[in-house]
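Enquirer: Starting from these lines, generate the structure:
(2 chains)
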Protein chains: 2
Amino acid sequence: MSSQAASSLQAEVDRLRLQLESLQAKDGSEPITIGNYLLARLEQLQVTKMFGVPGDFNLGFLDLVEDHPTIDWVGNCNELNAAYAADGYARVKEHSIGVVLTTFGVGELSAINGIAGAFSEMVPVLNLVGVPSTTQQKTKPMLHHTLGDGRFDAYSKAAENFSISQSILSDKNTAAAEIDRVLTDCITRARPVYLTLPTNLVFEKISSERLKIPLSRLPPPNDPDVEAFVLDEIAKLVEDAKDDVVILVDACAIRHDARQEVNELITKTGYPAVSETYERYGGIYVGSISRPDIKEKVESAKLILSVGCLKSDFNTGNFTYSIPPSRTVEFHSDHTKVQFAAFKGIGMKELLPLLTARLEPTSEIARKIPVPSFTAVVPAETDDVITQAWFWPKMGTFFKPKDVVIAETGTSSFGILDVPLPDKSVFVSQILWGSIGWTVGSTLGAAFAARDIGLNRTILFVQELSVMLRHDLKPIIFVLNNSGYTIERFLHGKERKYNDISNWNWTALLSVLGDAEGTRSKSYTVKTKDELSALLDTASFAQAGKIQLVEVMMPKHDAPRALIQQAELSGKTNAYVAI
Amino acid sequence: MSSQAASSLQAEVDRLRLQLESLQAKDGSEPITIGNYLLARLEQLQVTKMFGVPGDFNLGFLDLVEDHPTIDWVGNCNELNAAYAADGYARVKEHSIGVVLTTFGVGELSAINGIAGAFSEMVPVLNLVGVPSTTQQKTKPMLHHTLGDGRFDAYSKAAENFSISQSILSDKNTAAAEIDRVLTDCITRARPVYLTLPTNLVFEKISSERLKIPLSRLPPPNDPDVEAFVLDEIAKLVEDAKDDVVILVDACAIRHDARQEVNELITKTGYPAVSETYERYGGIYVGSISRPDIKEKVESAKLILSVGCLKSDFNTGNFTYSIPPSRTVEFHSDHTKVQFAAFKGIGMKELLPLLTARLEPTSEIARKIPVPSFTAVVPAETDDVITQAWFWPKMGTFFKPKDVVIAETGTSSFGILDVPLPDKSVFVSQILWGSIGWTVGSTLGAAFAARDIGLNRTILFVQELSVMLRHDLKPIIFVLNNSGYTIERFLHGKERKYNDISNWNWTALLSVLGDAEGTRSKSYTVKTKDELSALLDTASFAQAGKIQLVEVMMPKHDAPRALIQQAELSGKTNAYVAI
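Expert: From the prediction side, this is the model:
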């Protein structure tokens, strides 16, 4: 039995033991409050930060958080940023989850766009809401933060649309099992879950027995007969394709905890690999806006092993993904698709190691397949203007291994497509959901997670700036000042006023947000290529010893190549038909 | 027939004509685009500003807005602030509505808390969303801003919880009737409505015939027989109560367009009036946290005529509203309640003028009823510290007629309870929904509305600051710096760190947000009573010729009287029981 299969079996055993625990309802010798039970589970999941905003229905629970030895409270400026921060934390800190705590109604609804983004992009986030007491929820008085019409369930109904699992805690006897159920859904299905914590249950005491059994992260084991059949099918296709196989990797491979399995598949089998939106190997495939050599390589391949891929308009070049199912094997967390045939219950976590073992013997042949080299050359432009074409390759030279690079939806997320990233660096962007402003909070969470797991600098391309200052985080923030919403200009309204924004005095911002003396931050404005180059070469800047903000002045109508192509494609389907 | 009844009948005629128009589907001689049809209706409703954030699914419609002669686009910093601004606009600009335009998914979800607040507090707001084309909504590709699972209806499902009426436009032939339906619901029911505008329908041409018929603002006419019966019942109760009648007025009287009717009831009948949360006459009744003289006056009255009252915990002193139904007549927009008997369909708009006429003959007696005078004396404190007890009466001396005064949920909304406001001034606060941060956007909308209808200064107690600068609005903003969430401290966690916030350099903020030269704004910090007094007495300050921000340093644990009492009451029902 493989170690992977053994882990899956152990997970199944733990699940069954927890089910038994629920039925037997043993009274443990060491009672624990429901609030601390939840915190103990979060600690087991390696959560070290809880994001959110205090509100009258969550203050009691916050006492427990503040008193907790390993989980810190990070008070955010607003709930949306808190949700973004929890999302950023979960993306960077694999094997853990993000947690956002809000109050009833006003708080949770302010966070809902951030939660929906985590749903869309498969990020495991616990959406925890402090709510009125169970008695108030039954008697339904016209409390503040209510709609005034007695509908106390309106917020949870809204949340149902953006979470994979929900629990409205109402009974101390089932609270532990309910907490375990939603947390298990969160970690195994890699999507947000919704949990309400009524004021009167926070300090209720329950048995701590269940805490001895860990929550099962792994999906149920694959059926061995089906798995063997699938493996044979894939091996046959690989053999038929001879030396023309490409591995395509997307974010879901990471979200479902299969990074190591994918890495081994790539390194041990030797096939060329192309990663889309998260980690880079040979480059990025985004349909017809891919670089021509990558596009050619992927689309002409006889067989594509596609691991954890999600296809949206923004990562497929508006659905110009020219890969027919007949030449594709898709690996997902809970199923596998071989050409047109779907195999339910055959997850990649267990299947990939078996496939790697099967393909390893032919790796000598595979390693001979030519791979287009992915490099970005800084163009020799004669003028001083910092153009998009010059900026992104230049930034590529500044990145170091283990850096966390975060790109805002817009020119940044498109510009960075053409830049290779160093080894073990982490790239984070919200390609599918595309909520402008997401990086604001996300960088805060990502910077905390990077500190937890020993990553290098956090570099942001685009505010939780004041919270970053307070917690002594030291991201480098690039504000690309091109006088408005350039991504929208390319989609529609190139010269329209609605795409303009107020010109802020960016370099004074950190001073206003809490660093009046300038001891914890430094801000710069660069207007020319030389100024930016000089700054990037300055050792003290590159060391990132304090929070740094760089305002980069760029032309209003300049955009990265990939964005221009995407906009042309989007414009066609999104036309405002004037008849 | 009264003029009010005639207006109601005319409204009924218009409604019927519009129904006929829908069935006959005449092709007008002057076709109009669906986008411009909507704008024409908004213009008829006296809308002059549209709030929101540009996004790829609303850019085409934004072209029409930008080209519209009387409706201006106000681009906000984020969608939540845009929704708050639409709310503030609608509150101050009676007879109109607030409009917030967002994009599909990311935009509308960011705004949802603001919409829910407008629902809770009965504010008429149009929640307009630019969405993918009708074709895309049928084929459901994995577009950006989607959840990645094909559920294109998830956002409208969420919105249903927080709007009184919805329309998902999908057919040009029914678009005009659908627009009219939701707008009518918005103005007659005074709550948010939700309307989606697919990219491909914006420029579709339809008949403009319907625009000749105005939308009906008035509810259907009261049944004359029932109305006469109700009137007799009320008159009998008034007679029995002799000279012990009190009129209690709340926000819904304004929301449902009955300000004039209420004013006449008060002035012509001569009975003492107590207003709760919007306009002030004799003072404010908030249950057991009312000032003792007002509490006594209201609770001891033999009969209370309660107009448009909504009872929540924060405006009833946590439900300590000691007014038994046997001594109350409740007037609502669509029903009347006399003691225990409810009369459906008898609305206040028509009923109140009849009641005024009936009670006017006895006004001589009514005017002799003593009314506790509502004054606020600035206490003679011997120290320099700006206390809450001193601050609010002092501010009372600064207010002028027609000022718009906006108070944030927290110390401000409670502190201002004890201060009388000048004639024709408008007080705006979000008592029931209580979303901290609401004033940020709301002030922007309120300031625009105040300019539209010729009000005086806009005074805010507590950021859309940059947008205010851009549009040359000139509010006076009081930032009460008491080192954190004082309202939460009084509810729970007096010394807890989670109730602390970062100390911003407030007086440099406006400079950062676009006024680098300091020509359009001025900021102050006041630390003592003398400093604040001197500033308030400065003529150039009081004239409000530019945007002004005053940071008022106040003790951390000081709170207004009403807040301390409210917190004690809330603490009881909201207890975190430690067992």
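
Enquirer: How about the residues of the stretch 151-300 of chain A by chain B?
Expert: Residues of the stretch 151-300 of chain A lying near chain B by Cβ under 8 Å from any Cβ of the partner chain: A:151, A:154-155, A:157-158, A:161-162, A:199-200, A:202-205. Where you see a C-beta, it was placed from the backbone N, CA and C, and this is true even at glycine.

Enquirer: Go through the residues you listed and name the one nearest A:P370.
Expert: A:F162 (44.2 Å; Cβ to Cβ).

Enquirer: Please look at the closest one and A:G114 and confirm they touch.
Expert: No. Contact criterion Cβ atoms under 8 Å: A:F162 and A:G114 do not qualify, at 9.5 Å.

Enquirer: And these two? Which one has more around it.
Expert: The residue with more neighbours, out of A:F162 and A:G114, is A:G114; 36 against 25, by other Cβ atoms under 10 Å in any protein chain shown.

Enquirer: among the residues of the stretch 151-300 of chain A next to chain B, who's most crowded?
Expert: Result: A:Y155 is most packed of those (other Cβ under 10 Å), 30 neighbours.

Enquirer: Need phi/psi at that one.
Expert: Dihedral pair for A:Y155: phi -70, psi -40, per degrees, to the nearest 10.

Enquirer: That one: what's it in contact with?
Expert: The contact partners of A:Y155, taken as Cβ atoms under 8 Å, 6 or more residues apart in numbering or on different chains, are A:104-105, A:108-109, A:129, B:161.

Enquirer: quick one on the thing from earlier: where's the dip in pLDDT among the residues of the stretch 151-300 of chain A next to chain B?
Expert: Least confident entry in these, by pLDDT: A:R151, with 90.

Enquirer: That one touches B:N161, doesn't it?
Expert: Yes. If you go by Cβ under 8 Å, A:R151 and B:N161 touch, sitting 7.5 Å apart.

Enquirer: show me what contacts the closest residue to A:T70 other than its chain neighbours?
Expert: Closest residue in space to A:T70, ignoring its immediate chain neighbours: A:E43 at 5.6 Å, by Cβ to Cβ, 6 or more residues apart in numbering or on different chains. Contacts for A:E43 (Cβ under 8 Å, 6+ apart) come out as A:68, A:70-71.

Enquirer: circling back to that earlier point, and the residues of the stretch 151-300 of chain A next to chain B, which two are furthest apart?
Expert: Among these, A:N161 and A:K205 lie farthest apart (Cβ to Cβ), at 34.4 Å.

Enquirer: Can you report how many residues lie near A:I32?
Expert: Residues lying near A:I32 (other Cβ under 10 Å) number 20.

Enquirer: Kindly apply the preceding question to A:L9 instead.
Expert: Using other Cβ under 10 Å, A:L9 is surrounded by 14 other residues.

Enquirer: Contacts for the helix or strand that contains it next, please.
Expert: Using DSSP states H and E, A:L9 falls within helix A:3-24. For helix A:3-24, the external contacting residues (Cβ under 8 Å, 6+ apart) are A:1, A:174, A:177, A:180, A:184, A:209-210, A:213-222, A:261, A:349-350, A:353.

Enquirer: Which members of those are classed as buried?
Expert: For these, a burial check counting by 16 or more other Cβ atoms under 10 Å in any protein chain shown picks out A:177, A:180, A:184, A:209-210, A:213, A:215-219, A:221-222, A:261, A:349-350, A:353.

Enquirer: returning to that earlier point: in strands, which of the contacts of helix A:3-24 appear?
Expert: Among the contacts of helix A:3-24, no member falls in strands (criterion: DSSP state E).

Enquirer: hmm, which helix or strand of chain A has the shakiest average pLDDT?
Expert: The helix or strand of chain A with the lowest confidence, counting by mean pLDDT, DSSP states H and E, is helix A:465-470 at a mean of 60.

Enquirer: Which SSE is immediately downstream of that helix?
Expert: strand A:476-481.

Enquirer: Give me the distance from that next one to the chain's centre.
Expert: 21 Å (Cα atoms, centre = their mean, to the nearest Å).

Enquirer: send the alpha carbons of that strand over as PDB?
Expert: Output of strand A:476-481 as PDB, limited to C-alpha atoms (Å, rounded to 0.1, in the frame of the first residue of the first chain):
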ATOM      1  CA  ILE A 476       7.000  46.600  -1.000                       C
ATOM      2  CA  ILE A 477       4.100  48.200  -2.700                       C
ATOM      3  CA  PHE A 478       4.200  49.400  -6.300                       C
ATOM      4  CA  VAL A 479       1.500  51.800  -7.100                       C
ATOM      5  CA  LEU A 480       1.300  52.000 -10.900                       C
ATOM      6  CA  ASN A 481       0.000  55.500 -11.400                       C
END
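
Enquirer: could you check whether the helix or strand A:L510 falls within is close to chain B?
Expert: In this structure, A:L510 sits in helix A:509-512 according to DSSP H and E. Yes. Helix A:509-512 lies within reach of chain B by Cβ under 8 Å from any Cβ, at A:509, A:511-512.

Enquirer: Of these, which is the most crowded?
Expert: When neighbours are counted by other Cβ under 10 Å, A:L509 leads those with 23 neighbours.

Enquirer: And that one, how far from A:V479?
Expert: Applying Cβ to Cβ, to the nearest Å, the value for A:L509 to A:V479 is 9 Å.

Enquirer: Not counting sequence-adjacent ones, nearest residue to the residue positioned nearest the centre of chain A?
Expert: Taking Cα atoms, centre = their mean, the centroid of chain A lies closest to A:R91, which sits 3.6 Å from it. If you skip the residues right next to it in sequence, A:R91 has A:V428 as its closest partner in space, 5.2 Å away by Cβ to Cβ, 6+ apart.

Enquirer: Doesn't that neighbour belong to a helix?
Expert: No. Counting by DSSP: H, G, I helix; E, B strand; the rest coil, A:V428 falls outside a helix, being strand.

Enquirer: where does it land on pLDDT?
Expert: Confidence at A:V428, expressed as pLDDT, is 83.

Enquirer: Pull the number of nearby residues for it.
Expert: 25.

Enquirer: swap in A:E296?
Expert: Count around A:E296 with other Cβ under 10 Å applied: 12.

Enquirer: Just the element for it, please.
Expert: Using DSSP H and E, A:E296 falls in helix A:292-300.

Enquirer: got the CA positions of stretch A:438-452 in CSV?
Expert: Output in CSV follows, covering the C-alpha atoms of stretch A:438-452 (Å, rounded to 0.1, in the frame of the first residue of the first chain):
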residue,chain,number,x,y,z
TRP,A,438,-8.7,42.8,-3.5
THR,A,439,-4.9,43.1,-3.2
VAL,A,440,-5.4,45.7,-0.6
GLY,A,441,-6.5,43.2,2.0
SER,A,442,-5.0,40.1,0.4
THR,A,443,-1.4,41.4,0.7
LEU,A,444,-2.0,41.8,4.5
GLY,A,445,-3.0,38.2,4.9
ALA,A,446,-0.3,37.0,2.5
ALA,A,447,2.4,38.9,4.3
PHE,A,448,1.4,37.3,7.6
ALA,A,449,1.3,33.8,6.0
ALA,A,450,4.7,34.4,4.4
ARG,A,451,6.1,35.3,7.8
ASP,A,452,4.6,32.1,9.2
